[in-house]
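# pasting the structure only:
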């Protein structure tokens with residue numbers, strides 16, 4: 001019985017420590033990744049503006065090949081919604097194109113339902129680079145209330161790795177089409 005009380009005390013202590021840390025952790029987060037693609041800016045933008053193309057390069061879209069997808073509106077235009085529901089890794093949510101500045105940026109609202117609820121702002125920015133190349137900058141920003149803000153510290157590294165892998169896939173696809 002003594003050992004159970006010790007284990008219970010340790011668990012309570014760990015949970016209390018995590019809640020204290022969450023009290024001091026930032027509630028806002030922002031992740032930004034970029035890659036140089038040897039392809040003209042017009043071609044790069046014309047590919048990334050269509051959310052359905054994420055199925056070809058996004059690590060998240062590839063997590064569950066059997067996930068259900070639903071589309072509303074005209075892809076590549078403001079108001080288009082790409083919704084998904086998949087396994088525990090892919091979760092459930094939707095993304096909506098909020099605005100497009102032709103050949104410069106696409107602004108997307110990402111709405112998660114599962115495995116956790118949340119809203120993030122996602123931007124895909126294309127900037128001209130030397131030798132007819134394009135710098136693609138992908139940002140994701142949002143806010144999580146206490147104590148969910150503790151997740152930032154736990155998952156930021158995973159998000160960075162997944163965004164980097166997705167950008168490498170995008171580069172491979174677009175440079176292969178030269």
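Thanks, I have it. As the structure is a prediction and not an experimental result, all values here were calculated from the model.

# Bridge partners for the most centrally placed residue in the chain, pull those for me.
Nearest to the geometric centre of the chain sits residue 140, at 6.0 Å (C-alpha atoms, centre = their mean). Residue 140 has these beta-bridge partners by DSSP bridges: residue 31, residue 122.

# That one is in contact with residue 122, isn't it?
Yes. When contacts are counted by C-beta atoms under 8 Å, residue 140 is listed as touching residue 122 (5.1 Å). The way it works is simple: take the backbone N, C-alpha and C, and place the C-beta from them, glycine included.

# shared neighbours of the two, which are they?
Taking C-beta atoms under 8 Å, 6 or more residues apart in numbering as the contact rule, residue 140 and residue 122 both touch residue 110.

# Would you mind measuring from the residue nearest to the centre of the chain to residue 101?
18 Å (C-beta to C-beta, to the nearest Å).

# What of residue 149?
Taken as C-beta to C-beta, the span from residue 149 to residue 101 is 31 Å.

# Residue 172 too?
Residue 172 sits 26 Å away from residue 101, going by C-beta to C-beta.

# Show me what counts as buried in the lowest-mean-pLDDT helix or strand in the chain.
Lowest mean confidence among the helices and strands of the chain (mean pLDDT, DSSP states H and E): helix 2-24, at a mean of 82. If you call a residue buried by 16 or more other C-beta atoms under 10 Å, then helix 2-24 has these buried ones: residue 22.

# for stretch 35-50, same thing?
Across stretch 35-50, burial judged by 16+ other C-beta under 10 Å covers 35, 37, 39-41, 43-45, 47-50.

# likewise stretch 98-110?
For stretch 98-110, by 16+ other C-beta under 10 Å, it's 100, 103, 105-108, 110.

# same thing with stretch 50-60?
Neighbour-count burial for stretch 50-60 flags 50-51, 53-54, 57-60 (criterion: 16+ other C-beta under 10 Å).

# now the angle from the longest helix along the chain to helix 2-24?
The helix that spans the most residues within the chain, counting by DSSP state H, is helix 151-176. Calculated by axes from the mean of the first three to the mean of the last three C-alpha atoms, to 10 degrees, helix 151-176 forms an angle of 60 degrees with helix 2-24.

# So for helix 151-176, mean pLDDT?
Summarised as a single mean, pLDDT over helix 151-176 is 88.

# residues touching the nearest residue to residue 146 once chain neighbours are set aside, list them.
Nearest residue to residue 146 in three dimensions, chain neighbours excluded: residue 22, at 5.6 Å (C-beta to C-beta, 6 or more residues apart in numbering). Neighbour list for residue 22: 146-147, 149-150 [criterion: C-beta under 8 Å, 6+ apart].
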